[in-house]
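Asker: 3D model of this:
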Amino acid sequence: MFPAGNKANLGAQSIVKVILLLCFYNYQSAVMKVKNIGCAIFMLLFLQAAFAQSKFDSLFTLKAKLNFVHMDSVYLYYENMRGQSIFQLLPIFNDSFMMTDSICKPIKALIIFKNIGEVITDKDFENRGKEIYLEHGLLTLTGDPSKLAELKLTGSDTQDQLDTLNSEIAPIKALMKPLVDAANKEPDLEKAARLRTKFEPYEDRIKKINYFFFLQHPNSYLTANQMEYYVTQVSLDSAKHIYKNFNAELKQSSEAISIATEIKKMDAALPGNMAADFTATDLNGNTVSLADYKGKYVLLDFWASWCDACRRTNPHMIDLYNKYSSKGLNIIGIADNDATPEAWKNAIAKDCLDMWPNLLLGAETANDIGDKYAIYFVPTKILIDPDGKIIGRFGDNNNRDYELDRMLMNIFKELIAKK
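Answerer: Numbers count the residues shown, from 1 in each chain. From the prediction side, this is the model:
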């Protein structure tokens, strides 16, 4: 009989012997694998270093040295490397602040300075924010935060481009400012909209400056950001030309993808394409579907009660209806008055438009008719043939209204001749 302790020692010794034997018999195999293990370790270290370098290359550091600061903190809004919307509140110490983060491309950010003890409202963010472009590397912000226009960001090539573009646009905005202030102060929505129609000459000049910039800087992230807005403001051919000039990297950006989506939407609403079906409730509570008009000519009239140009053309629309409705023309009025239905109803009554169905646009809903037809301006008129195909688009950046008259005259002249 062995004491229990001795049995335990013998068991442990046996286990050790087994391990040593296994090591011995696998020694040659293990030696052969050393090279492969070494390669694996090397590759692991290489990938780790590459990842670390990639992460380092994506970093930006924003350092600020400000003058005449009576503010305790700064807000910064931007999109980080993972596509997340970031809201940073940074304290200001000794007229300075600093932050570091990762971004995957030049990113537009909004910066707002907060006074000591101040509560920032939504309106404050809108009025007091300054757009800046964050890029990889060291960025330096200098100047007086109470004078946003004079703040200077260095280290960002995209910011340099924005500063140059803004300096060209600034004189036009200065001339436009009294009109903008008047429109913003006007409580009546329709009067304010009429005031905004006076912006057009100035906006056209700004548009031309931006378009020239897009052509000169086809691969700038500033071009992609600005074109997200201007894609619906320029002609479709111009939008396609600018997008085509983007390099492969820029085309992968969320801005370029958004631009491509809008171009596709505008293309689908051009003559030659089938008209998108829709169903909505009209002024009198009746259900109206485009499908119900198959086999008939239909003119979609996109308008708004606050749109002076729309209201001025309404008498002519009535003339066209009186002239061609008996020959087969149908009109459907579609108004951008979702927020002001009473104004819509009053305009219909005042302009005597109740002789045809009147619908609301359904803006920003699942049944947004304007989105289906890429409507960005009113008035816009779309003519659909009996087969449901778009054969004419008038207004916005397309043909003028007098060409609608000519097309209708030719259509119904031929129909009468066939009879």
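
Asker: can you pull out the helices in the protein?
Answerer: 4-25, 27-57, 122-128, 157-185, 189-196, 200-216, 221-230, 236-245, 248-251, 254-268, 308-324, 341-351, 369-372, 401-418 (DSSP state H).

Asker: Format the CA atom coordinates belonging to the fifth one as PDB.
Answerer: Right, the one you point to is helix 189-196. Provided in PDB are the C-alpha atoms of helix 189-196 (Å, rounded to 0.1, in the frame of the first residue of the first chain):
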ATOM      1  CA  LEU A 189     -45.700  83.000 -45.700                       C
ATOM      2  CA  GLU A 190     -47.000  84.000 -49.100                       C
ATOM      3  CA  LYS A 191     -45.600  87.500 -49.000                       C
ATOM      4  CA  ALA A 192     -42.200  86.100 -47.800                       C
ATOM      5  CA  ALA A 193     -42.300  83.700 -50.700                       C
ATOM      6  CA  ARG A 194     -42.900  86.500 -53.100                       C
ATOM      7  CA  LEU A 195     -40.000  88.400 -51.700                       C
ATOM      8  CA  ARG A 196     -37.800  85.400 -52.200                       C
END
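
Asker: I would like the residues contacting it, please.
Answerer: Where contact means Cβ atoms under 8 Å, 6 or more residues apart in numbering, the residues beyond helix 189-196 that reach it are 179, 182-184, 186, 304-308, 339-340, 343. From N, CA and C alone the C-beta is placed, and that goes for glycine too.

Asker: From these, which one has the minimum pLDDT?
Answerer: Within those, residue 308 has the lowest pLDDT, namely 86.

Asker: How much space separates the residue nearest to it when sequence neighbours are not counted from residue 262?
Answerer: Once flanking residues are discounted, residue 308 sits nearest to residue 194: 5.5 Å by Cβ to Cβ, 6 or more residues apart in numbering. According to Cβ to Cβ, to the nearest Å, residue 194 stands 28 Å off from residue 262.

Asker: same question, residue 91
Answerer: 41 Å.

Asker: In stretch 201-219, which residues are buried?
Answerer: 202, 206, 210-211, 213-214, 217-218 (16 or more other Cβ atoms under 10 Å).

Asker: do stretch 163-183 as well
Answerer: Buried-residue list, stretch 163-183, by 16+ other Cβ under 10 Å: 165, 169, 172, 176, 183.

Asker: Now the two most distant members of the residues you listed.
Answerer: Using Cβ to Cβ, the pair of these lying farthest apart is 165 and 183, separated by 23.9 Å.

Asker: Distance-wise, check residue 248 relative to residue 122.
Answerer: Taking Cβ to Cβ, one finds residue 248 at 39 Å from residue 122.

Asker: on that earlier part again, show me which of residue 91 and residue 262 is the more surrounded one.
Answerer: Neighbour tally, residue 91 and residue 262, criterion other Cβ atoms under 10 Å: the higher count belongs to residue 262, 18 against 9.

Asker: where does the closest residue to the more buried one other than its chain neighbours fall, phi/psi-wise?
Answerer: The shortest distance from residue 262 to any non-neighbouring residue, by Cβ to Cβ, 6+ apart, is to residue 231 (4.8 Å). The phi/psi pair for residue 231 (degrees, to the nearest 10) reads phi -60, psi -30.

Asker: Residue 231 contacts residue 265, correct?
Answerer: No. The pair residue 231 / residue 265 is not scored as a contact, 9.8 Å apart, by Cβ atoms under 8 Å.

Asker: more crowded one of the two?
Answerer: It is residue 231, of residue 231 and residue 265, that has more neighbours when counted by other Cβ under 10 Å, with 24 against 15.

Asker: can you tell me which residues contact the more buried one?
Answerer: 239, 259, 262-263.

Asker: Show the pLDDT at it.
Answerer: Reading off the model, residue 231 has pLDDT 95.

Asker: just the one 3 residues further on next, same as before
Answerer: Predicted confidence (pLDDT) for residue 234: 89.

Asker: How about residue 95?
Answerer: pLDDT, residue 95: 89.

Asker: Check residue 415 too.
Answerer: Note for residue 415: predicted pLDDT of 67.

Asker: And residue 86, by the same measure?
Answerer: Value for residue 86, per-residue pLDDT: 89.

Asker: Over to residue 287?
Answerer: pLDDT at residue 287 comes out at 96.
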